[in-house]
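In: need a structure here:
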Amino acid sequence: MKKNKIKKIILTGGGTGGHLIPSFAIADKLKALDKNLKIKFIGSKWGIESKLYKDRKETYHLIDIKGFKRKISIFSIYENIVLFPIRFVKSILQVLIIFIQFKPDAIIGTGGYSSAIPLLVAKIKKVKIYIQEQNAIPGLVNKFFLKSANKVFFGFKNECNEKKYYHSGNPILNVVENSLDKSKKNIENNFTIFIVGGSQGSVPINDHFYKNYHHYVNENIKIIWQCGQSNYSKIKKNISNENIELLGFIQPKDMNLYYKKADLVICRSGALTLTELANYCVPSILIPLPNSANDHQFQNAKYFSDNNAAITINQKELKKGILEKTFLNILNEKKKLEKMKLGLQKISMKNSAEYISKEILDF
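Out: Got it, this is the predicted structure:
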């Protein structure tokens, strides 16, 4: 084992759970490898991390930064032109003070707008930079810092042969990894579908199932439907069926319970979701978010479909009944589920957090 020179690390990334959860998984593994390691998180007070950092033991700082508003409106123009520069300068000063006081040896960026300024300060102060990119297409912030990074860890296989690029898979929470070998318990005899549209739910997917859930329950299908907290009351009020379990929000640490119940998942194709599907070996029908940055959700889904690990349909095809036809086809030909499970086993990369942590600590 090589001498470990890294004693203090900053982890930054967030805005969404897809960027945040990998940083938690890496932090857990880093502490397991070196109990004397000092870790600090930096995120945005506007991101999901403002709620989830509180459950962690590590110290953290929330800076006043938001991503650019992409929708054109008077409010978004005001945010981008007036408020963003003020927040940018304020956040730069906040992070500079953190770096001066904490004196980190390295920084790990997992993407999202909240990681941009900490990574920029690290570049200015010549602190070691490590990047973990979850998606098939690098996000804007990670893409900007690829050249500056000492090592880059990709969740999906990358064609680039640069020595500092590693195909690591995506880190997931320790509670998920530790429960992979446990058998399913208390599962209904019904074929079970788990519908999940991300932590906030997906309006198009919710609307579709709101109108078409009878196609499934008429086949005696059990539906577990995570619709998003803001959508829960409306759907609960208008749908009452013993075969439907409606959920507003699922804590990341509890997602494993629902993956283990599912025979099939219908979901978006965010990197974290796909990583969990691969680790749990759960077949899926993927509906990529059409307006995701750089169309990364489509590329994520394509990678899975090309490896026979999932079936992909476009959101615009929902109105044509393609989802129901695809599902009935799977229900009538169970061999397709087994084929997807084989594909998932081939692309699954377990222990990603440990692999990345060892590379960073130079074990």
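In: if I read this right, Leu331 contacts Asn220, doesn't it?
Out: No - using Cβ atoms under 8 Å as the test, Leu331 is too far from Asn220 to be in contact (10.6 Å). No exception for glycine: its C-beta is placed from N, CA and C like everyone else's.
In: any common contacting residues for those two?
Out: In terms of Cβ atoms under 8 Å, 6 or more residues apart in numbering, Leu331 and Asn220 are both contacted by the residues Phe191.
In: Tell me which of those two has more neighbours.
Out: Leu331 (16 against 10; other Cβ atoms under 10 Å).
In: give the contact list for that one.
Out: Leu331 touches Phe191, Glu219, counting by Cβ under 8 Å, 6+ apart.
In: Quick check on it: phi, psi?
Out: phi -60, psi -30 (degrees, to the nearest 10).
In: where does it land on pLDDT?
Out: At Leu331, the predicted lDDT confidence score is 91.
In: what about it, distance to Ile221?
Out: 8 Å (Cβ to Cβ, to the nearest Å).
In: Next, the buried residues of the lengthiest helix in the chain.
Out: If you go by DSSP state H, the chain has its longest helix at helix 84-102. Buried residues in helix 84-102, counting neighbours by 16 or more other Cβ atoms under 10 Å, are found at Phe84, Arg87, Phe88, Ser91, Ile92, Gln94, Val95, Ile98, Phe99, Phe102.
In: mind listing the strands for the chain?
Out: With strands called from DSSP state E, the chain shows them at 8-12, 38-44, 59-63, 106-109, 128-133, 151-154, 165-167, 192-196, 222-226, 244-247, 264-267, 284-286, 311-312.
In: Any idea which of the ones you listed gets closest to Ser305?
Out: Closest to Ser305 of the strands of the chain is strand 311-312 (Cβ to Cβ; 4.5 Å).
In: now for the closest one, which elements pack on it?
Out: For strand 311-312, the elements it packs on are strand 284-286, helix 296-306, judged by 3 or more Cβ pairs under 8 Å, 6 or more residues apart in numbering; DSSP states H and E.
In: In PDB, list the C-alpha atoms belonging to stretch 29-49.
Out: Extracted in PDB, the C-alpha atoms of stretch 29-49 (Å, rounded to 0.1, in the frame of the first residue of the first chain):
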ATOM      1  CA  LYS A  29     -16.000   4.600   1.400                       C
ATOM      2  CA  LEU A  30     -13.200   7.100   2.000                       C
ATOM      3  CA  LYS A  31     -13.900   7.100   5.700                       C
ATOM      4  CA  ALA A  32     -14.000   3.300   5.700                       C
ATOM      5  CA  LEU A  33     -10.500   3.300   4.100                       C
ATOM      6  CA  ASP A  34      -9.000   6.000   6.300                       C
ATOM      7  CA  LYS A  35     -10.800   6.900   9.600                       C
ATOM      8  CA  ASN A  36      -8.500   9.800  10.100                       C
ATOM      9  CA  LEU A  37      -9.500  11.500   6.800                       C
ATOM     10  CA  LYS A  38     -11.200  14.900   7.200                       C
ATOM     11  CA  ILE A  39     -14.100  15.400   4.900                       C
ATOM     12  CA  LYS A  40     -16.100  18.600   4.200                       C
ATOM     13  CA  PHE A  41     -19.100  19.000   1.800                       C
ATOM     14  CA  ILE A  42     -19.800  22.100  -0.200                       C
ATOM     15  CA  GLY A  43     -23.200  22.500  -1.900                       C
ATOM     16  CA  SER A  44     -25.900  25.000  -2.800                       C
ATOM     17  CA  LYS A  45     -28.500  26.200  -0.400                       C
ATOM     18  CA  TRP A  46     -30.900  26.000  -3.300                       C
ATOM     19  CA  GLY A  47     -30.200  22.300  -4.100                       C
ATOM     20  CA  ILE A  48     -31.500  19.100  -2.600                       C
ATOM     21  CA  GLU A  49     -28.300  18.900  -0.500                       C
END
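In: can you pull the buried residues of that stretch?
Out: For stretch 29-49, a neighbour-count test (16+ other Cβ under 10 Å) marks 29-31, 34, 37-44, 46-49 as buried.
In: farthest pair in these?
Out: Farthest-apart pair in these is Asp34 and Trp46; separation 31.8 Å (Cβ to Cβ).
In: With distance to Thr326 and mean pLDDT added, can I get the strands of the chain in a markdown table?
Out: Converted to a markdown table, those look like this (distance: least, Cβ to Cβ, whole Å; pLDDT from 0 to 100):
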| stretch | distance to Thr326 | mean pLDDT |
| --- | --- | --- |
| strand 8-12 | 39 | 98 |
| strand 38-44 | 38 | 97 |
| strand 59-63 | 43 | 96 |
| strand 106-109 | 37 | 98 |
| strand 128-133 | 30 | 97 |
| strand 151-154 | 29 | 96 |
| strand 165-167 | 30 | 95 |
| strand 192-196 | 12 | 96 |
| strand 222-226 | 16 | 95 |
| strand 244-247 | 20 | 94 |
| strand 264-267 | 10 | 97 |
| strand 284-286 | 6 | 98 |
| strand 311-312 | 6 | 97 |
